[in-house]
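Engineer: I'd like to go over a predicted model; first the sequence, then the structure.
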Amino acid sequence: MKKTALSFLSKLGVVALSFYLVSCSPNPQSPGIEYMPDMYRTQALEPYSGNTNYADSMEARKPAEGSIARGYLPYGLPNTNEGYAKAGELLTNPYPNSEEVITEGKVIYSKMCVHCHGKEGAGDGPTVAAGHPPPPAYNSAALARLVEGKMFHSITYGKNLMGPHSSQLNVEERWKVIRYVQTLQNPDGEGEAKESTDEVEPMAEDAPADGNVEAASEEAEPEMTN
Ligand code: HEC
């Protein structure tokens, strides 16, 4: 009994001593011998540690040309008149014309648009009172039948005095605010009955200015996003 205890203690002593010896180093910065060093030291490069694979040793590289971030599709239409026309033909709002979406759109509108376009979209926001040229009213002959794809294009790239909003509003927010703008386009909810002058282009078939969302959302969506 006594003998086994002694031999156990001596074995423990040897183990402790060897730990003591290998863990010491004259260099106070050295961690000594490390058990499984790759558990502490990553194989990947540490940020800003330099990269020997490149002549400039820069480590934070730009993505390869043409890379597209996950969950992000670039807006494929150019900022030209042709792009504008194409947007009118191709793009449909992926969000339903529901109370909920309109309420969200209204919040965005009241933060990002109301100061120019005015509460009712009449083009009489506070910036106009301060001397900024007024935008046309949404229910004017010029805009009452503007299709949503063109709205999306104009909000994305801006139009004349209106600046681009693609950096302030993501795709979802742009489509939602459009749902709210459409309620101001047709305050009486009589979308399709809206008569307008000849100079306004006819509404594209797939553009539900009147809340006819089901018909529109069945069409193949080009999913142009930015
Ligand atoms: C700095 C003032 C300003 C702000 C902010 C602004 N707009 Fe405009 N907006 C204008 C002006 C001015 C026009 C008229 C542009 C033209 O046709 O020359 C316009 C035009 C539009 C049009 C018609 C575009 C077309 O294709 O004819 C829509 C739709 C529109 N704005 C929506 C919005 C929405 C939605 C917001 C908020 C996200 C917004 N605007 C923010 C000034 C503004």
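Structural biologist: Nice, thanks for sending it over.
Engineer: all contacts plus neighbour counts: C-alpha atoms, from now on.
Structural biologist: Noted.
Engineer: what are the buried residues along the strand or helix carrying residue 181?
Structural biologist: Remark: residue 181 resides in helix 171-185, with elements defined by DSSP states H and E. For helix 171-185, a neighbour-count test (16 or more other C-alpha atoms under 10 Å) marks 171, 173-185 as buried.
Engineer: that one - contacts with which helices or strands?
Structural biologist: Contacts defined by 3 or more C-alpha pairs under 8 Å, 6 or more residues apart in numbering; DSSP states H and E place helix 171-185 against helix 99-112, helix 148-157.
Engineer: export these to TSV and tack on distance to residue 60?
Structural biologist: Below are the helices and strands packed on helix 171-185 laid out as TSV (distance: least, C-alpha to C-alpha, whole Å):
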stretch	distance to residue 60
helix 99-112	35
helix 148-157	30
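Engineer: local confidence estimate at the residue lying closest to residue 174 once chain neighbours are set aside?
Structural biologist: In space, and not counting its chain neighbours, residue 174 is closest to residue 152: 6.7 Å by C-alpha to C-alpha, 6 or more residues apart in numbering. Residue 152 is assigned 98 on the pLDDT scale.
Engineer: swap in residue 27?
Structural biologist: 80.
Engineer: same check on residue 145?
Structural biologist: 95.
Engineer: cool, and residue 30?
Structural biologist: 78.
Engineer: now for residue 40, how many residues are close by?
Structural biologist: 9 (other C-alpha atoms under 10 Å).
Engineer: which positions in this protein make contact with the ligand?
Structural biologist: 109, 112-113, 116, 134-136, 150-151, 154-155, 159-162, 177-178 (C-alpha under 6 Å from any ligand atom).
Engineer: can I get the buried part of the residues you listed as one ChimeraX selection?
Structural biologist: Entered in ChimeraX, the line below selects the buried ones among the residues of the chain next to the ligand, by 16+ other C-alpha under 10 Å:
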select :109,113,116,134,135,136,150,151,154,155,177,178
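Engineer: what does the helix holding residue 181 contact?
Structural biologist: If you take C-alpha atoms under 8 Å, 6 or more residues apart in numbering as the criterion, helix 171-185 is touched by 93-95, 97, 101-106, 108-109, 120-121, 138-140, 143-145, 148, 151-152, 155-156, 189, 209, 225-226.
Engineer: mind doing that once more with 7 Å?
Structural biologist: 93, 95, 97, 101-102, 104-106, 108-109, 120-121, 138-139, 144, 148, 152, 189, 209, 225-226 (C-alpha atoms under 7 Å, 6 or more residues apart in numbering).
Engineer: that helix to helix 148-157, inter-axis angle?
Structural biologist: Put simply, helix 171-185 runs at 120 degrees to helix 148-157, going by axes from the mean of the first three to the mean of the last three C-alpha atoms, to 10 degrees.
Engineer: what about the residue positioned nearest the centre of the chain, distance to residue 82?
Structural biologist: Note on the chain: the residue nearest the mean C-alpha position is residue 170, at 4.1 Å, using C-alpha atoms, centre = their mean. Relative to residue 82, residue 170 is positioned 23 Å away (C-alpha to C-alpha, to the nearest Å).
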